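A.B. asks: Dropping the sequence and predicted coords here.
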Amino acid sequence: MRVAVIGQQEFGKSVLEAFIARGDEVVAVFCAPEKPGAKADPLKTAALERGLPLHQFASLRGPEAHDALAASKADLGIMAYVLQFAPQSFVNIPRLGTIQYHPSLLPKYRGPSSINWPIIRGDSNTGLTIFRPNDGLDEGPVVLQKETAISPDDTLGSVYFDRLFPLGVSAMLEAADLVMAGRHVETVQDEGLASYEGWCRDAEARIHWPSHVDFIYNLVRGCNPAPGAWTTLNGKKLQIFDCRKHRVRTFGAVKGKIGEVSEITGTGFFVTAQGGRIEVLRAKADDTKKLPASELAGVLGLTVGTLLGT
């Protein structure tokens with residue numbers, strides 16, 4: 001088939017390579033322009049290396065983008081990690097329209113941080129959706145879905161890189177084949193089940209130690225590796241990545257005050273929260289790289305009784 005790949009970053013690159021590897025013809029590549037001084041986008045680099053027609057428009061709404069896609073005479077548009085808004089007038093140009101990847105089980109978790117939030121909220125499963133994009137945000141009819149479990153110790157990194165990334169690449173190929181063969185079914189999303197979540201950024205990733213230890217643990221997992229859950233030490237940011245939670249079972253068993261470093265061991269340090277403690281295993285201060293928490297405790301001069309969040 002003749003496909004136009006619209007995307008960015010490593011996921012866009014992997015989808016491009018997957019279609020090429022099986023013999024499909026990539027007739028156009030659309031990639032958002034890089035910010036000044038930024039490295040070349042991996043999708044852009046892959047397209048240039050293969051001599052593919054590459055387009056980088058500041059917007060996909062304008063006539064230049066529409067004309068470029070029309071000139072490609074693509075059978076199908078493939079949207080693989082797209083942050084630019086693609087209007088209906090653009091996605092309808094290929095002969096069989098366009099399909100798009102979204103890393104959640106739509107209509108749940110529409111929005112840009114749809115992998116973070118299910119982990120932060122303690123969900124036990126998530127998945128991916130291949131759908132028909134329209135002028136709404138992640139609102140078009142569903143073509144294909146794949147589900148995966150979220151284990152109690154999964155992080156954003158493990159859910160995405162181990163499962164949603166490779167599953168997503170193969171699902172794009174599967175959905176494209178269904179559309180090309182006319183064997184796909186388009187299911188309208190149930191608006192009664194829909195939810196939208198905005199970005200999970202620095203403000204959302206801040207740790208509030210008076211929260212329950214379960215909430216804090218899920219926040220750390222859902223922000224690892226990005227944006228990185230964080231607290232403060234003497235007014236400076238301290239990001240926490242790998243950790244374990246330790247819940248108490250009896251009244252009065254919580255050791256230390258809320259937000260206090262209550263123990264330092266050879267593997268890390270413990271911080272007290274409601275209902276238990278977080279054992280920090282890997283963290284990063286403003287002026288350090290990511291370090292084993294036991295090493296970082298020494299660098300920062302942490303002692304039992306040190307208060308975080310100050």
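C.D. replies: Structure's in. What do you need? Residues are numbered from 1 along each chain as shown.

A.B. asks: Tell me how the chain divides into domains.
C.D. replies: 2-193, 213-300 (automatic domain parsing).

A.B. asks: Would you state the helices of the chain in chain order?
C.D. replies: Taking DSSP state H to define them, one finds helices in the chain at 9-21, 42-49, 63-72, 88-91, 116-120, 156-159, 165-181, 213-222, 293-300.

A.B. asks: For the second one, what is the distance to the chain centroid?
C.D. replies: When you say that, I think you mean helix 42-49. In terms of C-alpha atoms, centre = their mean, to the nearest Å, the gap separating the centre of helix 42-49 from the centre of its chain is 22 Å.

A.B. asks: Low-confidence stretches in the protein?
C.D. replies: Regions of the chain meeting the criterion pLDDT under 70 are absent.

A.B. asks: Which residue lies nearest the spatial centre of it?
C.D. replies: In the chain, the centroid-proximal residue (C-alpha atoms, centre = their mean) is Ile115; its distance is 4.7 Å.

A.B. asks: which residues in the stretch 101-250 of the chain form strands?
C.D. replies: 125-131, 142-149, 229-233, 236-240, 243-247 (DSSP state E, counting those that start in this stretch).

A.B. asks: a markdown table for these, including mean neighbour count?
C.D. replies: All C-beta atoms are positioned from the backbone trio N, CA, C, and that covers glycine. What follows is the strands of the stretch 101-250 of the chain, written out as a markdown table (neighbours: other C-beta atoms under 10 Å):
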| stretch | mean neighbour count |
| --- | --- |
| strand 125-131 | 23 |
| strand 142-149 | 17 |
| strand 229-233 | 20 |
| strand 236-240 | 19 |
| strand 243-247 | 18 |
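
A.B. asks: Tell me which of those lies nearest to Asp214.
C.D. replies: Across those, Asp214 has its closest neighbour in strand 243-247 (6.9 Å, C-beta to C-beta).

A.B. asks: from the middle of its chain, how far away would the closest one be?
C.D. replies: 24 Å.

A.B. asks: repeat for stretch 71-87
C.D. replies: Computed by C-alpha atoms, centre = their mean, the chain-centroid distance of stretch 71-87 equals 20 Å.

A.B. asks: Counting neighbours, show which residues of it come out buried.
C.D. replies: For stretch 71-87, the neighbour count (16 or more other C-beta atoms under 10 Å) marks 72, 74-82, 84, 86-87 as buried.

A.B. asks: Filter those down to just the ones in strands.
C.D. replies: Among those, the members falling in strands (DSSP state E) are 76-80.

A.B. asks: from those residues, which single one is nearest Leu193?
C.D. replies: Nearest to Leu193, judged by C-beta to C-beta, of these is Met79 at 22.8 Å.

A.B. asks: what's the nearest residue to the closest one if we skip its chain neighbours?
C.D. replies: Leaving aside its sequence neighbours, Met79 sits nearest to Gln100 (C-beta to C-beta, 6 or more residues apart in numbering; 3.8 Å).

A.B. asks: got a list of what that neighbour touches?
C.D. replies: For Gln100, the contact set (C-beta atoms under 8 Å, 6 or more residues apart in numbering) comprises 79, 82, 91, 130-133, 140.

A.B. asks: is it true that Ser86 touches Leu60?
C.D. replies: Let me fix one detail, which is that residue 86 is Ala and not Ser. Yes. Between Ala86 and Leu60 there is a contact under C-beta atoms under 8 Å: 4.8 Å.

A.B. asks: Now for these two: what residues contact both?
C.D. replies: Contacts common to Ala86 and Leu60, judged by C-beta under 8 Å, 6+ apart, are Ile6.
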